[in-house]
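Undergrad: output the structure for:
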Amino acid sequence: MNFLEKFKDELIFEVQKEFWNERGKGARYRLTRIGVDFAERELGEKIKDKENIKKWLIENGFCQDIDISENEISMTMIVKNCSLLEIKNMFKKANIKPLSCPLANIFMYCLELNSGLSPELLPIEEDENGNCKVTLAKMATSEIVKR
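TA: Numbers count the residues shown, from 1 in each chain. This is a model prediction of the structure:
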């Protein structure tokens with residue numbers, strides 16, 4: 001990572017941390033569009049398809065790979081070698097859970113475009129290999145949740 005990339009990562013962290021200091025967990029709900037406008041400009045109509053998003057993220061070096069698993073009420077992604085990992089580590093060091101994930105935001109927007117309902121980003125976890133485990137909770141009816 002070069003000096004300017006390190007500076008940009010630190011700026012992203014500091015902006016979110018200041019937002020956290022002011023709003024606490026409520027800041028999470030104001031950061032759901034971060035990264036979406038850029039991805040939408042780059043992907044166009046392809047942003048409506050999860051596989052297109054995944055391919056674009058990998059081809060452009062945002063991450064090495066993304067394993068996606070999905071059911072009726074959630075979608076979980078394991079993001080391998082994410083380019084934003086340093087920012088997540090800054091949150092960890094500050095003893096704050098990461099507030100948002102621009103990559104997850106792009107997938108959330110895709111789900112919203114396809115269902116008309118906005119999913120919610122659950123707390124970002126880490127798998128046994130240190131990769132981000134990101135889960136999106138989908139909106140569902142009581143009938144689906146009871147299953």
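
Undergrad: could you pull out the helices for this protein?
TA: 3-23, 36-43, 50-59, 85-93, 102-115, 142-146 (DSSP state H).

Undergrad: how about these in CSV, adding mean neighbour count?
TA: For every residue, glycine as well, the C-beta is placed using N, CA and C. Formatted as CSV, those follow (neighbours: other Cβ atoms under 10 Å):
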stretch, mean neighbour count
helix 3-23, 13
helix 36-43, 15
helix 50-59, 16
helix 85-93, 16
helix 102-115, 20
helix 142-146, 8
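
Undergrad: could you dump those to TSV with distance to E70 and mean pLDDT?
TA: TSV is the format used below for the helices of the chain (distance: least, Cβ to Cβ, whole Å; pLDDT from 0 to 100):
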stretch	distance to E70	mean pLDDT
helix 3-23	27	91
helix 36-43	19	98
helix 50-59	8	98
helix 85-93	23	92
helix 102-115	9	96
helix 142-146	13	68
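
Undergrad: would you reformat the ones you listed as a markdown table and include distance to M75?
TA: Listed next are those as a markdown table, based on distance: least, Cβ to Cβ, whole Å:
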| stretch | distance to M75 |
| --- | --- |
| helix 3-23 | 23 |
| helix 36-43 | 16 |
| helix 50-59 | 8 |
| helix 85-93 | 19 |
| helix 102-115 | 7 |
| helix 142-146 | 14 |
